[in-house]
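Novice: Sequence plus the predicted model coming up.
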Amino acid sequence: MAKREALRELQGRLAERLQQARTDVRAVSWLAIECAGAGLLVPLPTAGEIFAVGVVLPVPHTHRWFMGVANLRGGLHGVVDLGAFLGLRAPIARDAVREQARLLAFNARSGANCAVLVDRLAGLRSPEQMTAEPAGADESTGQRPAFAGGRWRDADGRVWQELDLASLARHEQFLAIAA
């Protein structure tokens, strides 16, 4: 009898922990990254794996923001310098990539074998940690690209721009790598 009761208690504690784990995962909504000093929030469902920057082979006759191709876990992925693509800075030379830079692959469900070079990972963020910024003039006129979501402000006052990788993977300019 005591064994059954102990087993029920154990099952109850496990069920509580599983529920807590599910709740905790849902609370984290974004991967925070930095490119050229700009803070960007990538929704977790659109992000794939994170890789150290390895060998990126150049592809001739492409835009300068298209760094080339890399073998990531046995798959050939196009590599885009995100900061350069967004116009935040000049493209980085492959041999000048900093140690803390990473390749962020797109989620496989996006259908794009692509990764973006980011300057630095800044952790995970949730909506509870941020305050939504009011729509600015560029949002009301529709000048922002479809992959640019809302803007958020953290407790330190830093503004973060949401960036949807799934929408970026379908963006006409992003797909047109030929120079």
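Specialist: That came through fine.
Novice: Contact partners for residue 81?
Specialist: Counting by Cβ atoms under 8 Å, 6 or more residues apart in numbering, residue 81 touches 64, 65, 66, 67, 91, 92, 116, 117. C-beta here means a position set from N, CA and C on the backbone, and glycine is covered the same way.
Novice: now, which of these sits nearest residue 160?
Specialist: Minimum distance to residue 160 across the contacts of residue 81 is 16.3 Å, recorded for residue 116 (Cβ to Cβ).
Novice: so where do the strands sit in this structure?
Specialist: Using DSSP state E, the strands found in the chain span residues 30-35, 38-43, 47-52, 66-72, 75-81, 102-106, 114-118, 120-125, 130-132, 148-154, 159-163.
Novice: looking at this structure, which helix or strand does the model trust least?
Specialist: Using mean pLDDT, DSSP states H and E, helix 137-140 stands out as the lowest-scoring helix or strand of the chain, at a mean of 48.
Novice: follow-up on the earlier one: just put the strands of the chain in CSV and tack on mean pLDDT.
Specialist: Output for these, formatted as CSV (pLDDT from 0 to 100):
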stretch, mean pLDDT
strand 30-35, 94
strand 38-43, 95
strand 47-52, 94
strand 66-72, 95
strand 75-81, 95
strand 102-106, 95
strand 114-118, 95
strand 120-125, 93
strand 130-132, 89
strand 148-154, 91
strand 159-163, 94
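Novice: in the chain, which residue is closest to the centre?
Specialist: residue 42 (3.7 Å; Cα atoms, centre = their mean).
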